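Undergrad: what's the 3D shape of this:
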Amino acid sequence: MNTNANGKKGLTIRDLVTIGIFSALFLVFALVGGIFFAPNPVLTFYMPVGSALLCGPVYLLMLARVKKRGAASLLGALMCLVWFVTGMHWAMALGYLVMGVAADFTAGAGKYGNRKLNALSYVLLSLGGTGSYLVFFANPEGWAKTMLGNGTEQSYIDAMRAAGTGWILFAMLAGTVIAAAFSAFAGGKMLKRQFEKAGITR
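TA: Predicted structure coming up:
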């Protein structure tokens, strides 16, 4: 019999439905948080920060409801699929896929019942949204070629290049970590009763 670290059965149909619902909510909150930044080529670097700020409660509640291996991985995979089919850079899609797995293992280390590890797993997942920007700084020519092929206007790319100085990379990464940590902390306070029912510890 396939069991998870808690001795429970593997993901059931009900679990998959729950993950699907929370993934949809996660996507909505990520879009709402990032919509103020993404359209602007100067501010777009802060899209992961805005997204990370709002999604913490959704992510933590999903873990509290499911508490099984695979929930965070599936969320990351669904985010990967959405960003890929909507024309985002492949590195953003890959980032969510990889960091979703990393987030799953991190939360799983505490059997999905440790607040600190669950919060850390959310921080890791949030860093998946920086993938496209990391490639932008590492290989600007290759990044631009891919985005032009995806339909991004040359003027948008030129404006990003002009604004994309080295300190922005640091600000984006640090800002994403801080925003995700704050969102997880606030989410923990908001959902305290839910966590207590699920047996989640400090």
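
Undergrad: how many neighbours does Ile157 have?
TA: With neighbours defined by other C-beta atoms under 10 Å, the count for Ile157 comes to 18. In short, each C-beta sits where N, CA and C put it, glycine included.

Undergrad: which residues in the protein form helices?
TA: Ranges of helices in the chain, per DSSP state H, are 13-34, 47-66, 71-85, 90-109, 115-127, 131-138, 140-149, 154-163, 166-190, 192-198.

Undergrad: which residues are in contact with the third one?
TA: The contact list for helix 71-85 (C-beta atoms under 8 Å, 6 or more residues apart in numbering) reads 11, 15-16, 19-20, 22-23, 26-27, 30, 59, 62-63, 90, 92-94, 96-101, 103-104, 107, 112, 121, 125, 128.

Undergrad: List only buried entries from the residues you listed.
TA: Neighbour-count burial (16 or more other C-beta atoms under 10 Å) is assigned, among those, to 11, 15, 19, 22-23, 26-27, 30, 59, 62-63, 92-94, 96-101, 103-104, 107, 112, 121, 125, 128.

Undergrad: got a list of what Leu11 touches?
TA: Counting by C-beta under 8 Å, 6+ apart, Leu11 touches 19, 66, 68-71, 74.

Undergrad: Which of the residues you listed ranks first by neighbour count?
TA: The most neighbours of any of those, using other C-beta under 10 Å, belong to Ala71, which has 28 neighbours.

Undergrad: for the contacts of Leu11, which one is nearest Ala184?
TA: For these, the closest approach to Ala184 (C-beta to C-beta) belongs to Ala71, at 15.7 Å.

Undergrad: That closest one and Asn139: what is the separation?
TA: Using C-beta to C-beta, to the nearest Å, we find Ala71 at a distance of 33 Å from Asn139.

Undergrad: still on that earlier bit, turn the helices of the chain into JSON lines, including distance to Pro41 and mean pLDDT.
TA: Below are the helices of the chain laid out as JSON lines (distance: least, C-beta to C-beta, whole Å; pLDDT from 0 to 100):
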{"stretch": "helix 13-34", "distance to Pro41": "14", "mean pLDDT": "95"}
{"stretch": "helix 47-66", "distance to Pro41": "11", "mean pLDDT": "95"}
{"stretch": "helix 71-85", "distance to Pro41": "18", "mean pLDDT": "95"}
{"stretch": "helix 90-109", "distance to Pro41": "16", "mean pLDDT": "96"}
{"stretch": "helix 115-127", "distance to Pro41": "22", "mean pLDDT": "96"}
{"stretch": "helix 131-138", "distance to Pro41": "11", "mean pLDDT": "95"}
{"stretch": "helix 140-149", "distance to Pro41": "11", "mean pLDDT": "93"}
{"stretch": "helix 154-163", "distance to Pro41": "4", "mean pLDDT": "94"}
{"stretch": "helix 166-190", "distance to Pro41": "12", "mean pLDDT": "93"}
{"stretch": "helix 192-198", "distance to Pro41": "40", "mean pLDDT": "67"}
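
Undergrad: what's the spacing between the spatially most central residue of the chain and Ala102?
TA: When C-alpha atoms, centre = their mean is applied to the chain, the residue found nearest the centroid is Ser126 (3.4 Å). Distance of Ser126 to Ala102, given as C-beta to C-beta: 11 Å.
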